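>>> When you get a sec, could you give me coordinates for this:
(3 chains)
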Amino acid sequence: MAVHPTFDRRRFLGLLGAASALPVVAACGSSIGGSTGAPATGGGGGTVKVGLVVPQSGVYAALGTDMQRGWELWLADNGQRFGDYTVETVIADEGETPQTGVPAVQKVLQNGGVDVVVGLVNSATALGVRDLLTESKKLLVVTNAGAEAVTSTSRTPYIWRTSFTNGQVAAAMGTHLAQSGFSEGVYAIAPDYAAGTEVITAFTKAFESGGGRVVGSAKTPFGTTSDYQPFLTGIQSSGARAAFCFYSGAEAINFVKQYAQFGLASTIPLYGSGFLTEGNVLPQQGDAALGVQTTLHYTDQLDNPANKAFVQAYTAKYGEAPSCFSVQTWDAANVLDRALASATGLDGDSLATALGTVGAINDSPRGAWTFENQTPRQNIYLRRVDNSGGALVNAVVQDLGPQSQPAA
Amino acid sequence: MTAVDAPAVPGGTAAVSPRVPRGRDGLVAAAVLVVLAAAPLFLAPFATTTLARILVFALFAVSLDLLVGVTGLPSLGHAAYFGSGAYAAGWVSINVTAEAPVPLLVGAAVGAVAAALTGWITVRTGGVFFLMLTLAIGETVQQVANTWESVTGGANGLTGVPAVRAGGAPLANAGFVYWYVLAVFVLGFVLVWLVARSPFGAALRGIRDNEPRMRAIGYPTALYKYGVFVIAGGVAGVAGSLLVAQQRLVTPADLGFLTASLALLAVIIGGAGSLWGACLGAALVILIRDALGPGLGGHGTLLLGIVFVLVVYLLPRGAAGLRLRRRSPS
Amino acid sequence: MLVSVLNGFAIGFLLFILAVGLSIVFGMMDVLNLAHGALFLGGAYLGATFAGSWGGFLAALGLAAVGGLAAGALLSLMTEPLRRRSHLDQALLTLGVAFVVAELLIIAFGDDPLSVSAPPALDGSVSVLGATYPAYRLVLIGVGAVLALAVYLVVERTRVGALVRATVADREMVATLGIDNRLVKAAVFAVGSLLAATAGVLGGPIYGARPGLDATVLILALVVVVIGGLGSVRGALVGALVIGQVDTLGRVLLPELASFVLFAALALVLVLRPRGLFGSPASVSTR
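Numbers count the residues shown, from 1 in each chain, chains lettered A, B, ... in the order given. Got it, this is the predicted structure:
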């Protein structure tokens, strides 16, 4: 059988040629130098180049939109400048998993030549880029990923966080419920994955040290559970006085709706981490969410001058209310601005040192907070879903006071 | 250097491997190798990293091709062994040693053992049943990775994997890591190529084309299928160890349905049975996902789906089948 | 506990409506339609867009039915040029189609998860066996049972059904009788897709609509047909009801293993009966 031997090879080589024409691979240089950093296109000349890595696709895309808006709003209100530096933002898509998130960070660092990376929703991605940042000595400001390890066991001077930790939010609820007449029994339920485990652990610890008793707990298959009936039955038969849960996105919608449909809402009040009713899941939950109480470090209903101005400007510009994700990223710009006022350079070491001296952030929409071990020590609020003029909102019930990242 | 074999003519017997002149073959192989080896010298770090990611995925796709193309066992769960190898290599690097070739051998061993433990169920079936069983196994292994937090780090993944060490020194920059990946890729590729060319490989193609006949003439076909399943698992484990060396992180996504189906796409796009084709397909999949996708508002999958549909229609034997079609329409 | 059994039936009938098309199309033509989950998701999005009133819900059902028919016919047409190629090629084509459709749905409806309301009056809950139960799910059990019975009777008791069964058993023989089995295939493909899209609307109030749901339900449907045995309506029904119970009762009884019960059940059945509970050697040969 006669065959033409070169066809696939030619294609192969052609493909390699095509590859080198792609923008991503176009930059020339060498990968064998001592430094893994890209040539300093940013840096000097009064420009600071920031890589904003947030999800533009996948299940977290809505969070990414809020984050990008928070970032752009701060810059628009402050003349696109951090102190004396003009800010140049390079946006990259984090996607859903570290499979896309890690290359995105690599890309802005190595190809975009950025000085600072901001963003990251997924905790696995935040943990996965640790060595990359440490080795290239660049600063990362995490504006969502809540895994404890980011600022505890895996802490590095180059990674700071302006959001929250999973345990911080949950522990506040644990302490609160123990003091609110539910100490005889609470049922805890969360998805069967790392963040769920962190939340349940921190909640249980705080609740029990306040004298409470967890009468049962369940972990639901992560990402694939749509019908919670089997688990709701477990809550009902446990004799719990209240239920505490941790869900977000589609799982939060289904859980809250089914909790009401199966009649639990009227007998066993539902509490949760604030993501249960935050952002755009709330309108989808509808009236089923009424009365659900959650803890979080922010709600757009906060009554302070900074928040009122922020909500007004945000709503005017984007036509919808901000979420905690917007504020977290707004604050990232806010602290970078302060750090650059005193930083001696744009390298990770200088910026980290400068961030260590910014002190209290007293103009944040979430209320004043400070860095403690590179993550916020901040007030946590107890919120309840109310109907306010036809729209569902997370109304403030109580300020639970400043909270640290829980000790491991 | 050429397709390992020609795909079977429908209803026919195993086609004879198309032979091409050895010399030219070797020459092109050497040229490609030289270009690949020199790449870090003239490419920027991110481009080098991307190329390394392609090589990792290509070796994974090649191991899958041993099942899909050579033996006719379409797997949608092959990422389970890729991921198992990656987790094992990562765990060993963190807790024991990152000195090459330890993570590599551990990855290979765990990939092969995982395949040996699950293979006895899967190889009793064939065709679409095999597809679905492997899918179920992949999903189950992913659940294990998600929940066994003390070992795998759960959904946060296994992080803090140290750089691979060679001769006592860590491979510190993108270029050295790339060369390590390239060297292992070449070894793995040659291994699979040898398996596919061996009498064992010929028997596997016989099974693919007509299993009852092979059984009738005395081949223990189930044993052969089991053997190749374990080998493919081991090579996937090697690819997994490269994944860890390259991205220093393993997460449950690496052994999920999406990873497995992308590998299958790569094999089909390249042309099932052609090991070179699988590499081409892998390059295309990774380039679309990592380089073009972000520019398309995250809709790289859409482009991938369209390319895939077109390939199924227009290139029945994938990219590698192009040359065959010109001469011998069937 | 009894509520969980009841709920298992609701989920089970829904799964049957989803999976029966997948099973028959495979049984007849050996085409494994991996785009089946995307059809379900399309229906769910229609529900999310229109449901809220009875008119809207019925409109969503109608649109899903018409859209499903058209999509099924189109899929049948698309696999036609591949009829001389391996069944794997046809399955892989539908995998590519599934990728494309899922992305198009994201472009059309966004990334955000959406909820689907049950029609008015069914939105509330009723008391069953001393427990509160969503009214919609009760109705779903009834509708699902009726649909299941209808499909079963059509396939097992009518002339059209006999033709379908005959094509499953021996399509060359049917072809020699002068019946164009491409038409039979297109019709079965269309009706199976109609059922999948309809299941999406019906399942909307339980599952919602979100990116990624297509893969979740596709895997569920595959598990159902593998357990039941490919190509068998009775198998799909039993498989769906078994998985419905496994997914609810199983999780109540074994909460610690909730993440694993589904695939444990699948593995168990396949170790004991590699061809599924009702798989016949005729419809599933080694390929």
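>>> The closest residue to A:Ser238 other than its chain neighbours: neighbouring residues, count only.
With C-beta to C-beta, 6 or more residues apart in numbering or on different chains as the criterion, A:Ser238 has its nearest non-adjacent residue at 4.0 Å, and that residue is A:Gly216. C-beta: built from backbone N, CA, C; applies to glycine. Neighbour count for A:Gly216, taken as other C-beta atoms under 10 Å in any protein chain shown: 17.
>>> residues in contact with the host helix or strand of A:Gly216?
In this assignment (DSSP states H and E), A:Gly216 forms part of strand A:214-220. When contacts are defined by C-beta atoms under 8 Å, 6 or more residues apart in numbering or on different chains, strand A:214-220 is touched by residues A:185-192, A:196-197, A:200, A:204, A:207-208, A:228, A:231, A:234-235, A:238-240, A:251, B:147, C:255, C:258-259.
>>> pLDDT weak spots in chain B?
The model of chain B has pLDDT under 70 over residues B:1-23, B:294-295, B:297-298, B:318-330.
>>> okay, how far is it across stretch C:113-132, tip to tip?
Stretch C:113-132 has its terminal residues 26 Å apart, counting by C-alpha to C-alpha, to the nearest Å.
>>> Enumerate the positions of it that are buried.
Within stretch C:113-132, the residues that count as buried by 16 or more other C-beta atoms under 10 Å in any protein chain shown are C:Pro113, C:Leu114, C:Ser115, C:Val116, C:Ser117, C:Ala118, C:Pro119, C:Leu122, C:Asp123, C:Ser125, C:Ala131, C:Thr132.
>>> and if you look at stretch A:50-69?
Within stretch A:50-69, the residues that count as buried by 16+ other C-beta under 10 Å are A:50-69.
>>> contacting residues for the residue in chain B that chain C sits nearest to?
Going by C-beta to the nearest C-beta, chain C is nearest to B:Gly305 of chain B, at 3.1 Å. Contact analysis of B:Gly305 by C-beta under 8 Å, 6+ apart lists C:Gly96, C:Val97, C:Ala98, C:Phe99, C:Val100, C:Glu103.
>>> Make sure the fifth one is indeed in a helix.
Yes: residue assignment for C:Val100, taken from DSSP: H, G, I helix; E, B strand; the rest coil, places it within a helix.
>>> Can you give me the distance of it to C:Thr198?
22 Å (C-beta to C-beta, to the nearest Å).
>>> do the last one as well
Shown here: C:Glu103 relative to C:Thr198, a distance of 23 Å by C-beta to C-beta.
>>> where does chain A have low pLDDT?
For chain A, the stretches flagged by pLDDT under 70 are A:1-45.
>>> The longest helix along chain A near chain C at all?
Across chain A, the longest stretch assigned as helix under DSSP state H is helix A:324-342. No: judged by C-beta under 8 Å from any C-beta of the partner chain, helix A:324-342 stays clear of chain C, getting no closer than 13.3 Å.
>>> related to what we said a few turns ago, can you turn the buried subset of the contacts of B:Gly305 into a selection I can paste into PyMOL?
Selection of buried members from those for PyMOL, criterion 16+ other C-beta under 10 Å:
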select buried, chain C and resi 96+97+98+99+100+103
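>>> Any idea what the residue nearest to A:Ser238 is bridged to?
A:Gly216 has these beta-bridge partners by DSSP bridges: A:Tyr187.
>>> Check the gap between it and chain B for me.
A:Gly216 sits at a distance of 19 Å from chain B (criterion: C-beta to the nearest C-beta, to the nearest Å).
>>> same deal with A:Trp369?
From A:Trp369 over to chain B the distance is 25 Å, taken as C-beta to the nearest C-beta.
>>> residues near that residue, how many?
A:Trp369 has 20 neighbouring residues, counting by other C-beta under 10 Å.
>>> ditto for C:Tyr136
Residues within reach of C:Tyr136, counting by other C-beta under 10 Å, total 21.
>>> Tell me where chain C has strands.
Secondary structure of chain C, counting by DSSP state E: strands at C:125-128, C:131-134.
>>> Would you mind giving these as a markdown table with distance to chain A added?
Converted to a markdown table, those look like this (distance: least, C-beta to the nearest C-beta, whole Å):
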| stretch | distance to chain A |
| --- | --- |
| strand C:125-128 | 6 |
| strand C:131-134 | 3 |
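>>> Those: which one's closest to A:Trp160?
strand C:131-134 (45.8 Å; C-beta to C-beta).
>>> Residues in contact with the closest one: which ones?
Taking contacts as C-beta under 8 Å, 6+ apart, the residues outside strand C:131-134 that touch it are A:236, A:258, A:261-264, C:2-3, C:6-7, C:118, C:124-127.
>>> right, and the strands of chain C - which one's nearest B:Ala98?
Comparing these by their distance to B:Ala98 (C-beta to C-beta), the top pick is strand C:131-134, with 54.0 Å.
>>> Quickly run through the sheet partners of that closest one, with directions.
strand C:125-128 (antiparallel).
>>> just the helices in chain A please.
Under DSSP H, chain A gives helices at A:7-21, A:23-26, A:61-77, A:98-106, A:123-128, A:130-136, A:166-178, A:194-209, A:229-237, A:249-261, A:281-285, A:305-318, A:324-342, A:348-355.
>>> Distance-wise, check the residue of the stretch 301-408 of chain A at minimum distance from chain B relative to A:Thr201.
In the stretch 301-408 of chain A, the residue that lies nearest chain B is A:Ala408 (14.2 Å; C-beta to the nearest C-beta). A:Ala408 sits 10 Å away from A:Thr201, going by C-beta to C-beta.
>>> Look at the two and report which has more neighbours.
The residue with more neighbours, out of A:Ala408 and A:Thr201, is A:Thr201; 19 against 10, by other C-beta under 10 Å.
>>> who touches the more buried one in this structure?
A:Gly167.
>>> likewise the one 4 residues further on?
The neighbours of A:Lys205, taking C-beta under 8 Å, 6+ apart as the test, are A:Ala171, A:Gly174, A:Pro406.
>>> helices and strands around the helix or strand hosting B:Ile268, which ones?
Following DSSP H and E, one finds B:Ile268 within helix B:257-270. Secondary structure elements in contact with helix B:257-270, counted by 3 or more C-beta pairs under 8 Å, 6 or more residues apart in numbering or on different chains; DSSP states H and E, are helix B:45-65, helix B:79-95, helix B:127-147, helix B:275-286, helix B:300-314, helix C:87-109.
>>> Which positions in the last one come out as buried?
Pointing back at helix C:87-109 there. By neighbour count with 16+ other C-beta under 10 Å, helix C:87-109 contains the buried residues C:87-103, C:105-106, C:109.
>>> Just give me how far stretch A:132-149 sits from the chain centre.
Centroid separation for stretch A:132-149 versus its chain: 12 Å, with C-alpha atoms, centre = their mean, to the nearest Å.
>>> Sounds good, over and out.
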